[in-house]
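Peer 1: here's a sequence, model it:
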Amino acid sequence: MGEIHHADHGWVTPAVSYFVACLGAFVALRSARWALISQGRTRAIWLLFASTSLGAGIWSMHFIAMLGFSVTGVDISYQPGLTVLSLLVAIAVVGIGLFTVGYSRRPVLSLLAGGLTTGLGVAAMHYLGMAAMVLPGHLGYDRLTVWLSVAIAVFAATAALWATLNIRGTLAVLAAAPVMGVAVCAMHYTGMAALSVRLDFSHSTQGGVMALQFIFPLGVGLGCYVFFGSLAFAVSPSRSTTQPLLLGPAAPLVPRQRRPLDEARTRR
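Peer 2: Numbers count the residues shown, from 1 in each chain. Next up is the predicted model:
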């Protein structure tokens, strides 16, 4: 069995990956809030931006953390095709969840369906990214820990969608983003804890590209996309005030229509 190290460069990769996950969550929450008070094409554009930001943030978090992953005595490379596919899966499943919540008239049902779909998709992204690893050996997983990581992914996705519907103020968004970052990182490292490697030096290692040659530039590019997205919120004026979106009030919820029973109680 290979000796596994999850933080080969100390706390650098976990800290950077967590920071990127928080940025992605922040941009996604702010974008989704504006989507909920927009109509037509504008709503779709905001939701698309939220999907790419959160999906790219989760994917970047995963592979930046993987830069600190190592197995003693072996070189690890990655299959480009599966790696890019995992990125597309991350963005697609997050988009499904956000668009479900953004357009559904049944918040509770859409929250549960979107959270389940998005959580399973995020877990699929994680294990698809793991399957992209090329090393002289075979990967094994503890089933109980894998299911625990899937449960955490579903919980994190549902919490993210709930935050999209309910969190309004800037300070609340700033508080929610780190919590979501913790949930995403918890899912990742729980999944990594399920991993074991059985070395087999007769196993072919062809077709892989070293992380610093492929994943690092791609991860940095996506991280910059998320970072500049958050910077855009910081300097762009909001609709209601001349303050930047980051400092100004978050997008308000659409006023709910009163039911007849509520109106009757108000008259009393």
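
Peer 1: is Met192 in contact with His6, as I believe?
Peer 2: Yes - here Met192 reaches His6: they are 5.7 Å apart, a contact under Cβ atoms under 8 Å. C-beta here means a position set from N, CA and C on the backbone, and glycine is covered the same way.

Peer 1: shared neighbours of those two, anything?
Peer 2: Counting by Cβ atoms under 8 Å, 6 or more residues apart in numbering, the shared contacts of Met192 and His6 are Phe69.

Peer 1: show me where the stretch 51-200 of the chain has its strands.
Peer 2: Applying DSSP state E, counting those that start in this stretch to the stretch 51-200 of the chain gives strands spanning 70-71, 77-78, 133-134, 137-141, 195-199.

Peer 1: between those, which gets nearest to Val108?
Peer 2: Closest to Val108 of the strands of the stretch 51-200 of the chain, according to Cβ to Cβ: strand 137-141, at 33.4 Å.

Peer 1: direction included, what does that closest one pair up with?
Peer 2: strand 195-199 (antiparallel) (DSSP bridges).

Peer 1: can you dump the C-alpha coordinates of the partner strand into CSV?
Peer 2: What follows is strand 195-199, C-alpha atoms only, in CSV (Å, rounded to 0.1, in the frame of the first residue of the first chain):
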residue,chain,number,x,y,z
LEU,A,195,-8.9,6.8,-0.6
SER,A,196,-6.2,4.1,-0.5
VAL,A,197,-3.6,3.3,-3.1
ARG,A,198,-2.2,-0.1,-3.9
LEU,A,199,1.0,0.3,-5.8
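
Peer 1: in it, what counts as buried?
Peer 2: For strand 195-199, burial by neighbour count (16 or more other Cβ atoms under 10 Å) applies to Leu195, Val197, Leu199.

Peer 1: and the contacts of that strand?
Peer 2: With Cβ under 8 Å, 6+ apart, strand 195-199 has contacts from 1-2, 4, 71, 73-74, 130, 135-142.

Peer 1: can you pull the contacts of the closest residue to Ile91 other than its chain neighbours?
Peer 2: Leaving out its chain neighbours, the residue that sits closest to Ile91 by Cβ to Cβ, 6 or more residues apart in numbering is Gly55, at 3.4 Å. Neighbour list for Gly55: Gly24, Leu87, Ala90, Ile91, Ala92, Val93, Val94, Gly95 [criterion: Cβ under 8 Å, 6+ apart].

Peer 1: per-residue pLDDT, Gly55?
Peer 2: Per-residue pLDDT puts Gly55 at 86.

Peer 1: report the central residue of this structure.
Peer 2: Central residue of the chain (Cα atoms, centre = their mean): Ile58, 3.2 Å from the mean position.

Peer 1: so who does the nearest residue to Ala28 once chain neighbours are set aside touch?
Peer 2: Counting by Cβ to Cβ, 6+ apart, Leu54 is the residue found nearest to Ala28 once chain neighbours are left out, at 3.6 Å. Neighbouring residues of Leu54 by Cβ under 8 Å, 6+ apart: Gly24, Ala25, Val27, Ala28, Val94, Leu98, Ala160.

Peer 1: equivalent analysis for Phe99, please.
Peer 2: If you count contacts by Cβ under 8 Å, 6+ apart, Phe99 has them with Leu47, Ser51.

Peer 1: let the chain start at 49 from now.
Peer 2: That works, and once the first residue is 49, the last one we named lands at Phe147.

Peer 1: check the gap between it and Leu160 for me.
Peer 2: For Phe147, the distance to Leu160 (Cβ to Cβ, to the nearest Å) stands at 15 Å.

Peer 1: for Ile52, same thing?
Peer 2: From Ile52 to Leu160 the distance is 36 Å (Cβ to Cβ).

Peer 1: no further queries at this time; thank you.
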